[in-house]
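K.L.:
Everything below, folded, please.
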Amino acid sequence: MQFVRDKYLLEAVASSLTELFSPQIISERLEGMLKSYDFVSADTLAYFSKRPPLAERDADFALAYVKRQAKTPDAQQAVLEALEFKCDVLWAMLDALYHAYVAPKHIPPGAFVPEDWRSA
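P.N.:
Sure, this is the predicted structure:
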């Protein structure tokens, strides 16, 4: 990600603060995916099932770092902008998935197609 490469360490770490919400979100999504999609199994989601405590640890580290390092108004503004940027990236990803798989269902060439999995 160019953002992390091109920004100061404080901004790079601040952009990871979306992890503050990951433990709860991941748990909810795991449950929902297992209930709703027959092509998803516990084995498929093994990486994500282990992620909540790691996300909590990572978020705690990032938050402590940002609180320690963002001492000036300019640094605090940079932190807010980094987090806003990361949220914009995540929204763009969700929008792209919605566009591909929900409406208007324009799945890009080479992307996962649920029907293909079922027929395999």
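
K.L.:
now Arg5: how far from Leu94?
P.N.:
According to Cβ to Cβ, to the nearest Å, Arg5 stands 24 Å off from Leu94. (Each C-beta comes from the backbone N, C-alpha and C, glycine too.)

K.L.:
who has more neighbours, those two?
P.N.:
The residue with more neighbours, out of Arg5 and Leu94, is Leu94; 10 against 7, by other Cβ atoms under 10 Å.

K.L.:
excluding its backbone neighbours, what's nearest the residue nearest the centre of the chain?
P.N.:
Using Cα atoms, centre = their mean, the residue of the chain that lies closest to the mean C-alpha position is Leu90, 6.2 Å off. Once flanking residues are discounted, Leu90 sits nearest to Thr18: 6.5 Å by Cβ to Cβ, 6 or more residues apart in numbering.

K.L.:
For Pro104, see how far away that neighbour is.
P.N.:
Distance, Thr18 to Pro104, by Cβ to Cβ: 28 Å.

K.L.:
for the protein, what helix or strand is lowest in average pLDDT?
P.N.:
One helix or strand of the chain scores below all others by mean pLDDT, DSSP states H and E: helix 114-119, with a mean of 67.

K.L.:
centre of the chain versus stretch 32-42, how much separation?
P.N.:
Relative to its parent chain, stretch 32-42 has a centroid offset of 19 Å by Cα atoms, centre = their mean, to the nearest Å.

K.L.:
Can you point out the buried residues in it?
P.N.:
By neighbour count on 16 or more other Cβ atoms under 10 Å, the buried set for stretch 32-42 is empty.

K.L.:
Enumerate every residue touching the residue nearest to Lys7 when sequence neighbours are not counted.
P.N.:
Nearest in space to Lys7, with sequence neighbours left out and distances taken as Cβ to Cβ, 6+ apart, is Ala82 at 6.8 Å. Counting by Cβ atoms under 8 Å, 6 or more residues apart in numbering, Ala82 makes contact with Phe3, Lys7, Leu10, Glu11, Ala12, Ala14, Ser15.
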